[in-house]
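Engineer: no sequence for this one, just the structure:
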């Protein structure tokens, strides 16, 4: 009896040893199987590049840039020349040494017309990169940017091996050779892509021996696969899917703030929204906490005061924006609407919760005498026919760092300036922040811009959305950080069974 | 007789042509065009121009329709916006997988359903019939996504006998596909069997009550022989149409079942294409589905002609 118990235990250990060390995460097939292992490709294979390559700079726990392949960096006083000191003794998966040549190659290729990378617009700020010595690279910018390290912290700006890529700045590099914690062993974006632990990783060997990136396009199927133990992890659970894992001891559920937002936009040049008092009155009627709970559920959001900078960003301003019906009424009366006003709001099922959010605001605004008439627009053609065409409409944005979202959505010349925000002072403020090398002063400058948006802006941004993930309780070391910042090299997998 | 068959073929061809016009017109009627619909807020500047050029949207609709139909007839369905590849490179393996799933389900379900229908019809109102008929009602009323979810919960999550979702690489062999299709085939077959069996049962009961069966009984022909020689062939004719309709239903069912099981077939490809607003891909798959639908119905018509001499004589 004892013997057979021992024996079966031994068999159990032997049969699980092979699988227990493999971390299986889903690949969401965002590009339908034509994913590229080149990190700057328009069809980047995000789940793979995240683990195969590394960046010069990564996001620290405080949201600020921290050392990765670059150990330190400094700028000239005009913030136009940035010198990066590189980590010595780093090798690529194929044994090549990582040097400043690779930095120059990896940064300059982002500007290629042929590759047409989504990073091109931002990285065009680079004029050229000088290789000072093998472990020092100097990046010369076309214009001042005090936060240049933030730009190279982007999850797509990874360091490639110039030699393996053939040194051609205009060609996609699909060798899959990086300096990251895992090396690519099998590339199959429609099936299972396999990664092996890279033993010479400069941050120490990863917690699991192998990773499998398993292609499952459908979220319901991913849920079933996690329940059946075919994968260990899923991203972005919907509110309805959370209860499937919440009280189950086999799974851990983690809710994490992100910078994604869904909002309503008032065009600041069109009647009646060309009066900042009307804009603010409408925004003041909102009870943001109640709205968030109704639309996204109790754990689904973090409230915001119409500033697009999210809670995890180092530059987020702390603003109070309680519901103020009397204040809203007073502003309306001042603006010439003592008996309230009626506005049309165009909504469509374009982003999670957009229609519901409009309905909640419609109800909340009633108390201040504001009648919002909802116009349901078809989601087909919404971005061409309604967005930035009507006076009051719904929008949605993915996460961006403070500098980027403020420039993309509120600079007077920006292509996606959806509120038609046209303020020379604001533009000057954006430039000033980019030129300010002192962190605290820069933070104050970005803070002022956000307060200006709360006082006078045309965006209604009640909340930033959380993302909820679920994973097997056998996994350890998954920090409650946004998806792009998960360090899979720190993840461990324990226990028996597959 | 030959003329009759030709007429059926002609009618089928006309139906497909009509469907292709409707599908093309529906896409044209959407606000914007294929490119603005796909690119959404990125529909501006060089990216939009490149897309318009690649899809040939700068030419009149009639010309594009003509090219689309001519291409489709040769198996060239154009270029997928999302996958940036010619569509015909993407669909044939998916088509094979769907055909495998649907084919196995049909091959298992149809003979089984006919057999069970005969049993139920012959043993009308006896325990065997009552059990089979109630089971059929149950299978018909529960939607297939519910059956699928229940099976996943029992056999994949709890017992772990079969995978919950299909995880295979493109180019997977049939042997690799097989363990993955057990649950989907059961779900699809359950509904197929239920529909066909009920029709077969009703049909058998009708024939059993007919004069010629009564006559055969009076002449003392053994019951087994009556069933084999007189009842089954005659009961098959009305059942054939139901079989054709049910196989056509299979196309819709397969979309749902593929989605639940993450099965790499045409159904999941179509759902993904709709989600991505990849309209050329949606058009291509919709056209393939309509060809299959019309083809199955054509086959049923021809089979009915073969089985029933009366249809041929009347010159339908």
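Structural biologist: Perfect, I can see it now. On a predicted model such as this, the values are computed, not experimentally measured, just so you know.

Engineer: Going by C-alpha atoms from here, please, whenever you check contacts or count neighbours.
Structural biologist: Will do.

Engineer: where does the chain have low pLDDT?
Structural biologist: Going with chain A. Residue ranges of chain A with pLDDT under 70: A:1-20, A:495-498.

Engineer: um, chain B though
Structural biologist: B:313-316.

Engineer: Show me which residues of it sit near chain A.
Structural biologist: By C-alpha under 8 Å from any C-alpha of the partner chain, the residues of chain B that approach chain A are B:30-32, B:36-37, B:40-41, B:43, B:82-84, B:152, B:156-158, B:160, B:163-165, B:167-170, B:259-262, B:272.

Engineer: give the contact list for residue 51.
Structural biologist: As the question left the chain open, I've gone with chain A. A:180-183, A:488-489 (C-alpha atoms under 8 Å, 6 or more residues apart in numbering or on different chains).

Engineer: That was the other one, I meant chain B.
Structural biologist: Counting by C-alpha under 8 Å, 6+ apart, the residues that residue B:51 touches are residue B:35.

Engineer: Show the buried residues in the residues of chain B next to chain A.
Structural biologist: B:31-32, B:36-37, B:40, B:43, B:82-83, B:152, B:156-157, B:163-165, B:167-169, B:259-262, B:272 (16 or more other C-alpha atoms under 10 Å in any protein chain shown).

Engineer: now, which of these lie within helices?
Structural biologist: B:36-37, B:259-261, B:272 (DSSP state H).

Engineer: Next, the distance between the ends of stretch A:227-243.
Structural biologist: 12 Å (C-alpha to C-alpha, to the nearest Å).

Engineer: Any chance you could list what contacts stretch A:374-385?
Structural biologist: Here stretch A:374-385 has contacts from A:344-350, A:358-359, A:386, B:30-32, B:36-37, B:40-41, B:43, using C-alpha under 8 Å, 6+ apart.

Engineer: swap the cut-off to 7 Å and go again
Structural biologist: Residues from elsewhere that reach stretch A:374-385 (C-alpha atoms under 7 Å, 6 or more residues apart in numbering or on different chains): A:344-350, B:31-32, B:36-37, B:40-41.

Engineer: any idea how far residue B:293 is from the residue nearest to the spatial centre of chain B?
Structural biologist: Against the mean C-alpha coordinate of chain B, by C-alpha atoms, centre = their mean, the closest residue is residue B:251 at 2.7 Å. Using C-alpha to C-alpha, residue B:251 is found at 8 Å from residue B:293.

Engineer: Contact residues of the stretch 101-250 of chain A facing chain B?
Structural biologist: Within the stretch 101-250 of chain A, the positions near chain B by C-alpha under 7 Å from any C-alpha of the partner chain are A:190-192, A:216, A:218, A:220-221, A:224-225, A:227-228.

Engineer: if you set the cut-off to 8 Å instead, what comes out?
Structural biologist: A:188, A:190-192, A:214-218, A:220-222, A:224-225, A:227-230.

Engineer: Going through these, which ones are buried?
Structural biologist: Here, 16+ other C-alpha under 10 Å leaves A:188, A:190-192, A:214-218, A:220-222, A:224-225, A:227-230 buried among those.

Engineer: Which of those fall within strands?
Structural biologist: A:192, A:214-215 (DSSP state E).

Engineer: neighbours of the closest residue in space to residue A:491 that isn't next to it in sequence, just the number please.
Structural biologist: The shortest distance from residue A:491 to any non-neighbouring residue, by C-alpha to C-alpha, 6 or more residues apart in numbering or on different chains, is to residue A:477 (4.6 Å). Other residues lying near residue A:477 total 14 when counted by other C-alpha atoms under 10 Å in any protein chain shown.
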